[in-house]
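Undergrad: Got a predicted structure plus its sequence, pasted below:
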Amino acid sequence: MEKLIFWLKEVGKEFNDVVGKKCANLGEMTKAGVRVPDGFAISIPFYRKFLEITGAGKEMEEIVKKYERISEKDVEVFEILSEKLKGIIEGKEMPSFLRDQISSYYQMMCDRRKEEVYVSVRSSGPVSRPGMFETYLNVKGENEIIEKVKKVWASVFTPRAIAFRVKKGLGLLSDELGVGVVSMVNAKAAGIAFTADPNTGDLTKVIVEANWGLGESVVSGHVTPDRWILNKETLEVKEKRVGLKEFFVDLNEMGVIEKETPPQKKEMFCLSEEEIKEVAKLSIFLEKYFGTPQDTEWAVDERFDFPENVYFLQTRPVVISKKNGIEQAIDIILTKFL
């Protein structure tokens, strides 16, 4: 029988087209000895099997046949298509044959922890499309996980994602996703690190940005985080700045919640110097391992002692922008409103 779900430790970069880049990189980091949370990857063939067994694939093919000549200006059509295609995926029951596999892997995670585990349910496509598809945080229980898996698949058909494929001349059904189901880190602080300056391409620096709680507030760019610039050779902190950190993202009973940062926490750094250097050191290691400057996401788990508390959640090549400040500001504005 074809294997459709893999533990993260079972996969690596050669699995990119099977489980998607995000899960493949998590598996590769595990092999390299970098600490990543426990989890499993639901493969792209699993998604195809879902489409086949439920008939969703044929239904979607019939719908898109009517929209072969749409252009990137057909905004209203994107909305209509999105509603129809997302509705097909979200409206199908997960076939028992597939449901049982997800349940089995989740139960094994729970057995290892001796408790019901909270997880993130994350998109993982073979081609990186940062911020394009959905992620669901702090999900618990097999029924909720299965519903969120379907929602991640359906996020391929948001109006924005459809418009992107039309603009690029890609097929309307061409994006297919794997899904990562990964244990949540109980983060006291989290953020991102770049092993090259994404604005200038400077290879001598490591830039670390962080906020209290989960890293979503930093990744989204909706908060001014703490920031450190380190010398890549010596790990000496050359510059540092306390961010405004107006709010942070915290775990809720289910899902997450934005909270206002207490005044005293706004005025202090959210990481110790040893934690900053550990994040930088591991990010540099990943740069050497993958052979190119990396853009990493990580979190510091408040349940554990240093350095066992530093977990990496993602790594990918740094995208170097050659645009000037005004052009970058315009890009940020457009990203928020499109």
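TA: In hand now; what should we look at? Bear in mind that the values here come from a model prediction, so they are computed numbers and not experimental data. Numbers count the residues shown, from 1 in each chain.
Undergrad: just the strands in the stretch 1-150 of the chain please.
TA: 5-7, 39-42, 118-124, 135-140 (DSSP state E, counting those that start in this stretch).
Undergrad: Please name whichever of the ones you listed is nearest to residue 290.
TA: strand 118-124 (16.8 Å; Cβ to Cβ). All C-beta spots, glycine's among them, are computed from the backbone N, C-alpha and C.
Undergrad: And the closest one, what does it pack against?
TA: With contacts taken as 3 or more Cβ pairs under 8 Å, 6 or more residues apart in numbering; DSSP states H and E, strand 118-124 sits against helix 21-32, strand 135-140, helix 142-154, strand 178-183.
Undergrad: how far out from the middle of the chain is it?
TA: 8 Å (Cα atoms, centre = their mean, to the nearest Å).
Undergrad: That strand vs helix 21-32, what angle?
TA: Here the directions of strand 118-124 and helix 21-32 differ by 120 degrees (axes from the mean of the first three to the mean of the last three Cα atoms, to 10 degrees).
Undergrad: Deepest in the core, which of the strands of the stretch 1-150 of the chain is it.
TA: A comparison of the strands of the stretch 1-150 of the chain by mean neighbour count, using mean count of other Cβ atoms under 10 Å, puts strand 39-42 on top with a mean of 28.
Undergrad: which residues are contacting it?
TA: By Cβ atoms under 8 Å, 6 or more residues apart in numbering, the residues outside strand 39-42 that reach it are 4-8, 11, 15, 19-20, 23, 26-27, 102, 105, 109, 119, 124, 149, 178-183.
Undergrad: filter these to the buried ones?
TA: 4-6, 8, 11, 15, 19-20, 23, 26-27, 102, 105, 109, 119, 124, 149, 178-183 (16 or more other Cβ atoms under 10 Å).
Undergrad: rewinding a little: so which of the strands of the stretch 1-150 of the chain is nearest residue 174?
TA: strand 118-124 (14.9 Å).
Undergrad: In its sheet, which strands sit next to that closest one, and in what direction?
TA: strand 135-140 (antiparallel), strand 178-183 (antiparallel) (DSSP bridges).
Undergrad: Quick one: mean pLDDT over the first one.
TA: Right, the one you point to is strand 135-140. Regarding strand 135-140, the rounded mean pLDDT is 97.
Undergrad: what's the angle between that strand and helix 142-154?
TA: 170 degrees.
Undergrad: Can you give the distance from strand 135-140 to the centre of its chain?
TA: Once both centres are worked out by Cα atoms, centre = their mean, strand 135-140 turns out to sit 12 Å from its chain's centre.
Undergrad: Give me the contacts around that strand.
TA: Residues outside strand 135-140 that contact it (Cβ under 8 Å, 6+ apart) are 116-123, 145, 148, 151-152, 184, 214, 216, 251-252, 254-256.
Undergrad: buried subset of those?
TA: 117-123, 145, 148, 151-152, 184, 214, 216, 251, 256.
Undergrad: Low-confidence bits of the stretch 151-300 of the chain, can you list those?
TA: Of all residues in the stretch 151-300 of the chain, none has pLDDT under 70.
Undergrad: For stretch 97-105, which residues meet the burial criterion?
TA: Result for stretch 97-105 [16+ other Cβ under 10 Å]: buried residues 98, 101-103, 105.
Undergrad: Need the residues that contact it.
TA: 4-5, 7, 40, 42, 46, 49-50, 53, 94, 142, 145-146, 149, 181.
Undergrad: pLDDT on it, on average?
TA: Mean predicted confidence for stretch 97-105 is 97.
Undergrad: doesn't residue 207 make contact with residue 229?
TA: Yes: if you go by Cβ atoms under 8 Å, residue 229 and residue 207 touch, sitting 5.6 Å apart.
Undergrad: ok, those two, which is more surrounded?
TA: Neighbour totals were compared for residue 229 and residue 207, and residue 207 leads with 22 against 19 (other Cβ atoms under 10 Å).
Undergrad: Quick check: chain neighbours aside, which residue is closest to the more buried one?
TA: Counting by Cβ to Cβ, 6 or more residues apart in numbering, residue 207 lies nearest to residue 194, which is 4.6 Å off, once chain neighbours are set aside.
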